[in-house]
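> Here is a sequence with its predicted model. Questions after.
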Amino acid sequence: MQSEWDQILAGGVLDDNMPAINRDRLHGQRLVARFNATPPDDRAARQTIAAELFAACPSSCLLMSPFTCEFGRNIRFGEHTFVNFNVTIVDLGEVVIGSNVLIAPNVQIYTATHPLDYRPRRDWHTTCKKVVIEDDCWIGGGAIILPGVTIGARSVIGAGSVVTRDVPPDSMAVGNPARVIRKIDQG
C-alpha cells in the first residue's frame with residue numbers, strides 16, 4: 001500500500017484528513033519558525049535546523065530570513081546556493097534547486113495546484129507538480145515559478161516574471177507570462 005506521501009508525490013489528490021501530511025506540515029512549520037528566530041550569525045544552529053527541515057541543504061547553502069515553506073521535507077538545495085529574504089516555497093510537491101543558484105528577494109515557488117472546477121475546490125482538492133531549477137541559475141526578485149516548471153541550467157529569470165512553462169538551458173526569460181527573449185552565450 002502506498003504511503004500518503006507516495007500518493008501525493010505521484011500526483012494524487014491531497015485529502016486534508018491525511019494524518020502523515022498534517023503531522024509533517026506542523027513539524028515543518030515549527031522548524032521554519034525556529035529557523036527564522038535564530039540569529040543570522042549563528043550559522044551552526046541554522047544549519048542544524050536546515051538539516052532537519054529540508055531533504056538536502058549543504059552547509060555551503062545560505063538562506064536568509066525570513067524564509068517560508070510549507071513542509072521543507074520536499075525541498076533539495078544544491079551546493080553554494082543563495083536564497084535571499086522573503087522567499088516562499090509551497091512544497092507539497094518536490095522542489096529541486098541545483099548548485100550555484102541565486103534566488104533574489106520575494107521569489108515564490110509553487111508546486112500545489114487546484115482544479116478549475118469550483119466544486120472540488122470547495123473540498124480543498126490539491127495536487128502537486130515538481131519544480132526543478134537546474135545549476136547556475138539566477139532567479140530575479142519577485143519572480144513567481146508555477147507548478148511543473150523546469151528552469152534549465154545557467155538560465156536567468158527576470159525580476160517580476162511569472163514562469164508558467166519550462167525554460168531551456170542558457171536562456172533569459174522575462175515577463176508575465178515569462179518568455180525567452182534571448183539565449184545566453186556562455187563563451
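Yep, it's here.
> which SS class is the residue nearest to the spatial centre of the chain?
For the chain, the residue nearest the mean C-alpha position is Ile89 (4.0 Å; C-alpha atoms, centre = their mean). Following DSSP: H, G, I helix; E, B strand; the rest coil, Ile89 is assigned to strand.
> how about it, what does it touch?
If you count contacts by C-beta atoms under 8 Å, 6 or more residues apart in numbering, Ile89 has them with 68-70, 75, 95, 108-109. Quick note: C-beta positions are derived from backbone N, CA and C, even for glycine.
> out of these, who has the most neighbours?
Greatest neighbour count in the contacts of Ile89, by other C-beta atoms under 10 Å, goes to Val95: 26 neighbours.
> Around Val149, count how many other residues there are.
Neighbours of Val149 using other C-beta under 10 Å come to 22.
> Assess the claim that it and Val163 are in contact.
Yes. Val149 lies in contact with Val163 (C-beta atoms under 8 Å); the separation is 5.2 Å.
> Just give the nearest non-adjacent residue to Asp135, would you?
Leaving aside its chain neighbours, Asp135 sits nearest to Gly98 (3.7 Å; criterion: C-beta to C-beta, 6 or more residues apart in numbering).
> And for Asp24?
Distance criterion C-beta to C-beta, 6+ apart; nearest residue to Asp24, sequence neighbours excluded, is Phe71 at 5.4 Å.
> since we're on the one you found, how many residues are nearby?
26.
> Just read off the phi/psi values of it.
Dihedral pair for Phe71: phi -120, psi -40, per degrees, to the nearest 10.
> Just confirm it contacts Leu26, I think it does.
No. Counting by C-beta under 8 Å, Leu26 is not a contact partner of Phe71; they are 9.7 Å apart.
> Where does the prediction get shaky in this protein?
Within the chain, the stretches with pLDDT under 70 are 1.
> other SSEs contacting the helix ranked longest in the chain?
In the chain, with assignment by DSSP state H, the single longest helix is helix 19-37. Applying 3 or more C-beta pairs under 8 Å, 6 or more residues apart in numbering; DSSP states H and E, we find helix 19-37 packed against helix 4-9, helix 43-53, strand 67-69.
> quick one, what contacts the residue nearest to Asp135?
For Gly98, the contacting residues are 78, 81, 132-137, 153, taking C-beta under 8 Å, 6+ apart as the criterion.
> Just the ones of the residues you listed in strands?
Using DSSP state E, the members of these that fall in strands are 132-133.
> any chance of the contacts of Gly98 in a markdown table, plus neighbour count and distance to Met18?
Below are these laid out as a markdown table (neighbours: other C-beta atoms under 10 Å; distance: C-beta to C-beta, whole Å):
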| residue | neighbour count | distance to Met18 |
| --- | --- | --- |
| Gly78 | 20 | 30 |
| Thr81 | 22 | 30 |
| Val132 | 18 | 25 |
| Ile133 | 29 | 27 |
| Glu134 | 19 | 31 |
| Asp135 | 17 | 34 |
| Asp136 | 20 | 37 |
| Cys137 | 25 | 33 |
| Ala153 | 18 | 35 |
